[in-house]
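[1] build me a structure from this.
(one chain, ligands or ions: 1)
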Amino acid sequence: MIRLDDLKAKTHQNLRSEGGEEIAIMLDSDAKVKAAIQGLIKYFGEDEDRKAVRLIVKGEESGWLTRSHIYDFVTFSAKGIGGGDDASIPGEYHYHIMHLYCPVEGCMEGFGVMIFDEDNPPKCPVHRDVSMVIKQ
Ligand SMILES: [Zn+2]
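    Alright, predicted model coming up:
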């Protein structure tokens, strides 16, 4: 089983998404990691220009996960290391991206999140005590 710490260990600092929309993935437990990887494989697979996503763990910035990092996990799983649980990564996983914005007037911060815990929304990178809200 791939754990949250395994994902965190793969992140890069000081990376940008190099244009396009900035997407974050939020995780707070090991239980969602497999679904997250499935979603990311689909996300990266749909557009060659998608290079990286931000990983937010328990509300804290962890860094950037790149396309090749995610594909590493698939290769890892295919070898059956750690049991057969993760061996199949079906292509039918459907992810949803929600768009968040900072509610402070004049603030331009906003990004999409792939898996979003509504009980624990991320804070605005500028206004550190303000929670981001979902754009309707
Ligand atoms: Zn803000």
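[2] tell me, please, the helix or strand in this structure that averages the lowest pLDDT.
    Least confident helix or strand, the chain: helix 67-78 with a mean of 74, by mean pLDDT, DSSP states H and E.
[3] low-scoring stretches of this structure, by residue?
    Applying pLDDT under 70 to the chain picks out residues 14-21, 75-94, 116-117.
[4] how does it look with 50?
    78-89, 91 (pLDDT under 50).
[5] can you list the residues of it near the ion?
    102, 104, 107, 109, 124, 126-127 (C-beta under 5 Å from the ion). For glycine as for every other residue, the C-beta is placed from the backbone atoms N, C-alpha and C.
[6] list the contacts of residue 121.
    100, 131-133 (C-beta atoms under 8 Å, 6 or more residues apart in numbering).
[7] redo that, cut-off 6 Å
    By C-beta atoms under 6 Å, 6 or more residues apart in numbering, residue 121 lies in contact with 131-132.
[8] for it, helix, strand, or coil?
    When classified by DSSP: H, G, I helix; E, B strand; the rest coil, residue 121 comes out as coil.
[9] next one: it from the ion, what distance?
    According to C-beta to the ion, to the nearest Å, residue 121 stands 13 Å off from the ion.
[10] same question for residue 31.
    Relative to the ion, and taking C-beta to the ion, residue 31 is found at 30 Å.
[11] do the same with residue 10
    28 Å.
[12] dump the residue contacts of that residue.
    residue 69.
[13] could you measure from it over to residue 23?
    16 Å (C-beta to C-beta, to the nearest Å).
[14] for this structure, which segments count as strands?
    Here the chain has its strands, by DSSP state E, at 23-27, 52-57, 60-66, 98-101, 110-113, 133-134.
[15] identify whichever of those strands lies nearest to residue 5.
    strand 52-57 (9.1 Å; C-beta to C-beta).
[16] for that closest one, buried residues please.
    52-57 (16 or more other C-beta atoms under 10 Å).
[17] just stretch 1-11 next, same as before
    Quick answer for stretch 1-11 (16+ other C-beta under 10 Å): 2, 4, 7, 10-11.
[18] for stretch 23-38, same thing?
    23-27, 32-34, 36-38.
[19] alright, I will stop here.
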